[in-house]
Structures are given as structure tokens and as C-alpha cells.
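Asker: Fold the stuff below for me.
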Amino acid sequence: MLANLKSITQKVSIALLGLLALYGIVSLFTNADHAFAAPWNSRQAAPALQPSIEGVTVPPFLNFQGSLRDPAGNLLSGQHGLVFRIYNRADAPQGEALWSEEHAGVTVRDGFFNVLLGDKTPLPPAFFAGPDLFIGVTVDAFEEMTPRQRFASAPYAMYADHASSLTARDGKPGSAVYVDTAGRVGVGTEAPVAGLHISGTTALSPTMQVNAGDQQMVVDTNGIALDGNLQFNSVITGAISLAAGGGNVGIGVSDPQAKVHVVQSEASAPGLTVSQAPNAAGNSVNIYADRIHATGDFGITSGNSGNGLFVNGGRVGVGTRFPNAALQVVGGATVDNLVVSAKLTAGGKPPVLIKRFTAVGNDANFAAGVSAVDYNCVAAGWTARYDIQESGRGLNAVWTYVSGLDWFVRVQFNSHNNHENPAVDVVCFSNVISFMAGPKDFREPN
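Answerer: Down below sits the predicted model:
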């Protein structure tokens, strides 16, 4: 009897193999006219419902139907054990099956049987992402029947492999995912203009939301709202960072401490470069941690006048773009406490000259040796021997005047014996810091 049953099972022809699933229907037809002619009353209990999974809207089972006949073509009835295996090759060894499931006591009535694959061993949906899958069937304790049958698609299921859009549950394509002929993906639009084009509507707000742990980024009609830190180029820690809460922007630092915080770990490289042209061509300003370097002229100005502080060729000008000294101030300056550790100059020369002339005589007229172009000079004081026996009346005077381009000193003492022979001190102030009113060529007092 076993030999007879083996002969029957080996020669069994599958009249109908139908697999209904998420991704297609497998249809294999042999003697379909006989299979569908037999009445069918299933005695197999319906499988228990599996716990629902968020996002899964279809049953995770495949409906498998078949017809068993003996070698004479007579339909079989009774209970049989069936084992189903899925392979990725038609000739793969049985031990390399990707999936298997055993159904014991399957009722066969008038040759027809029906089982649900995936009822006992879950079927991963990823199985059906590729084109090559084969199913093998074993009846009772005998060898697996050959040839194995290839999974095939139902006609409309084939279109799912190249679906151009996903329609929303309300049937409105404007709220769906659409792929155009160029491969551009549109969400909320059927006319994408970029690789990914998301178009929001008033009914769908926000347009986009991204959550990662306790951080969230929302894009809506008001802009981009960030609840957390935002970083670009995470390969380099803190390449560009936007800190949560304070709105601080960091470049090279993941925890910026100011509105703009730049960290440059290389001392020889600038943290920030501002240039007139790409690739730092033309005049540019480089900001380092310890200095600011400009490849050309550099200025700091305020207001509409354009006045301010300028650096030109290593010289600093205040109120002038073209200083002619290490520091040139145009327009005046107020200094509360000036401390000079070396020589102080004005216009490149000493701001004050003090010259002393001794024993010049009672009636002297001589050059002071000071240029009238650079200085304003005055007689600051004199000293002379006083003759108590002097009884004559006359004028004693010391003054300065300009002749040509030089300052001169005039001394006049009234004496009967010239004993006075005075010494004279002359003080000269740089015309950069002084101004003399009145005629400079005044020679003789009244």
C-alpha cells in the first residue's frame, strides 16, 4: 500500500496553485477544469489573527490551493501531511530552503485542498523583493515533488514593481507620493522639480518633520523650527553647528558660546576669510585667533563720512586712509593719560625743542637754528647780571622773529658798561601741535 501511495504522490499533478499576497498572486494551472468542478467545504480552522503591526494593512499570509489525483486521474480524499519550502533556485538542495512550514492533517476532499502559508512560520515580505523564488511541496513522508514551481505575478500585480504613485487613503493623489519619468519623487505634488520635492498644503502641516531621539526638526509655512542641535558634516565634529535654545552658530565647534563662534585648530590658518572674489582673490581679510591680517588696505569706519581707522602699508591712520607715519591722526585726539616709553615725535620730529643760548651780549641778533616751516618759537626766559649802579633808563628785551625760513633771536639790554651779558632760553613747538597768531617777522619793540 505504501508503494502504491508513493507512486500516487510522485505522479500527482498540481491542478491549481494560487497564492494571494501583498505583492502578487501565484497562478499555476494544470487540469484546472477538473479542480474547479469539485465542490469544496473546508474543514481547516481559520488561523488566529496575529497582533496588528503599525503600518501593516493587509494579512501576512499566502493562500495556497491545489488538487491531488492518483495515477489514473481520480481525485483523492482524506487527510495528509504537507510540507512547503521556498528556495531561491529551482535546483537548490533541500537544506538550503529559505523558508519552510509543515501542515499536518490537511483535509483533501475530492482532490482539492487549501492552506494558508505563513500561518505557522511568518513569511518575511522581503522574500518577494526579488524575481527568483520557487516553492516545493512534500506529501506525507515521501520525497518532495518535482519540478518545483516558480512564483509568478498576477497581471496587475506586475505593475506594482513600477508603480508611479502612492495614492492617499482618501484617494486624493495630491496627498500622495509620485515618481515621474525622470525618477524625481514628489510628495504632495505630481510635478516634482528636484530629486525629492515635498510640497505642503494648508491641510497638511507641517510639511516635513524629522525626529531623532529627543531632537526634532519641523518644516512648515513659518520656516524651519529646530528643537535640539543642528550639525552639518558630522564626519568632522561640529563642522557647522546650530545650538538649541540660544540660536548660537558654531563653525568647528559643536557647542558654540556666542552668536557666531569659530574654532580653528591650526594656528597658521585663518578661522574666517572675507575676500572680494572667489578663492580669496583680490583684497581679503583673514581673521586669526590672535590677529587680523589684510592682504591690502584695511579700514574700520562708521557713519556716512567714511572716516575711521585705516591700516595702509603697515601705517595706521585715524581720520585718513593714507597715513604718512606709523600713526597719523587727522582731526584731533583727546588723550587722558599719555605714557611714552621712547622718543615722542610730531610729524616725524620732536614735538618740543628747548634751546639755551648763554653770554649772548647786551645787543645780540642771531639765528636760533630752527626751521620756521616746522616750528613756532618763543623766548621763554632770560637771566642777566644786574648792575646796581646802573642809573640810565632804557629797554631790556628778548624776543624771536622769522627771517626767511628760520627763527632768529633778538636781545637788547640798556647798559653803560655791558655787564649784563644775558643767557636766553627759547622754546619751539612743532607746528603739527601748535599755532602762532600775529606777525612772525616782528623785530623791534616800541
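Asker: where exactly do the helices run in the protein?
Answerer: For the chain, applying DSSP state H gives helices covering 2-10, 32-37, 155-159.
Asker: rank those helices by mean pLDDT and give me the bottom one.
Answerer: Mean pLDDT is lowest for helix 32-37 among the helices of the chain, at a mean of 30.
Asker: Tell me, domain by domain, which residues of the chain belong where.
Answerer: 2-45+59-158, 264-295, 297-333, 352-430 (automatic domain parsing).
Asker: how about CSV for those, with distance to residue 189 and mean neighbour count added?
Answerer: Just so you know, the C-beta spots here come from the backbone N, C-alpha and C atoms, and that holds for glycine as well. Conversion of those to CSV gives the following (distance: least, CB to CB, whole Å; neighbours: other CB atoms under 10 Å):
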stretch, distance to residue 189, mean neighbour count
domain 2-45+59-158, 26, 16
domain 264-295, 35, 12
domain 297-333, 48, 13
domain 352-430, 77, 16
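Asker: Include distance to residue 209 when you put those into CSV, please.
Answerer: As requested, the domains of the chain are exported to CSV (distance: least, CB to CB, whole Å):
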stretch, distance to residue 209
domain 2-45+59-158, 26
domain 264-295, 34
domain 297-333, 45
domain 352-430, 72
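Asker: least reliable of these going by mean pLDDT?
Answerer: domain 2-45+59-158 (a mean of 72).
Asker: Verify the stated contact: residue 215 with residue 227.
Answerer: Yes: between residue 215 and residue 227 there is a contact under CB atoms under 8 Å: 6.3 Å.
Asker: Now do residue 90 against residue 81, distance only.
Answerer: Distance, residue 90 to residue 81, using CB to CB, to the nearest Å: 24 Å.
Asker: try residue 89
Answerer: Per CB to CB, residue 89 is found 25 Å from residue 81.
Asker: Check residue 190 too.
Answerer: 52 Å.
Asker: try residue 444
Answerer: Residue 444 sits 145 Å away from residue 81, taking CB to CB as the criterion.
Asker: And residue 133, by the same measure?
Answerer: Noted for residue 133: a distance of 23 Å to residue 81, by CB to CB.
Asker: Likewise for residue 189?
Answerer: Relative to residue 81, residue 189 is positioned 55 Å away (CB to CB).
Asker: Also residue 72?
Answerer: For residue 72, the distance to residue 81 equals 23 Å [CB to CB].
Asker: Equivalent analysis for residue 98, please.
Answerer: As defined by CB to CB, residue 98 lies at a distance of 21 Å from residue 81.
Asker: Could you report the distance from residue 98 to residue 136?
Answerer: Relative to residue 136, and taking CB to CB, residue 98 is found at 11 Å.
Asker: Between these two, which contacts overlap?
Answerer: The contact sets of residue 98 and residue 136 overlap at 86, 87 (CB atoms under 8 Å, 6 or more residues apart in numbering).
Asker: Residue 249 bridge partners, please.
Answerer: Here residue 249 sits in beta bridges with residue 242, residue 260, going by DSSP bridges.
Asker: Quick check, residue 250 in contact with residue 239.
Answerer: No: in this structure, residue 250 is not within contact of residue 239 by CB under 8 Å, at 9.1 Å.
Asker: Settle it for me: which of those two has more neighbours?
Answerer: Shown here are residue 250 and residue 239; by other CB atoms under 10 Å, residue 250 has more neighbours (22 against 15).
Asker: and the closest residue to the more buried one other than its chain neighbours, how many residues sit next to it?
Answerer: Closest residue in space to residue 250, ignoring its immediate chain neighbours: residue 256 at 3.0 Å, by CB to CB, 6 or more residues apart in numbering. Number of residues near residue 256 (other CB under 10 Å) recorded here: 23.
Asker: quick one: residue 256 from residue 242, how far?
Answerer: As for residue 256, its distance to residue 242 is 8 Å (criterion: CB to CB).
Asker: between these two, what contacts are shared?
Answerer: By CB under 8 Å, 6+ apart, residue 256 and residue 242 have these common neighbours: 248, 249, 250.
Asker: where do the strands sit along the stretch 1-150 of the chain?
Answerer: Remark: strands assigned in the stretch 1-150 of the chain by DSSP state E, counting those that start in this stretch are 16-20, 25-29, 62-67, 78-87, 99-108, 112-117, 134-139, 149-150.
Asker: What's the end-to-end length of stretch 180-199?
Answerer: End-to-end span of stretch 180-199 (CA to CA, to the nearest Å): 15 Å.
Asker: Show me what counts as buried in it.
Answerer: 184, 185, 186, 187, 188, 189, 192, 197, 198 (16 or more other CB atoms under 10 Å).
Asker: any idea which of these is least confident?
Answerer: On pLDDT alone, residue 188 ranks lowest of these, at 76.
Asker: just checking, that residue touches residue 196?
Answerer: No: using CB under 8 Å, residue 188 is not in contact with residue 196; the gap is 11.4 Å.
Asker: Looking at the domains of the chain, spot the one closest to residue 222.
Answerer: Evaluated over those, closeness to residue 222 peaks at domain 264-295, with 30.7 Å, by CB to CB.
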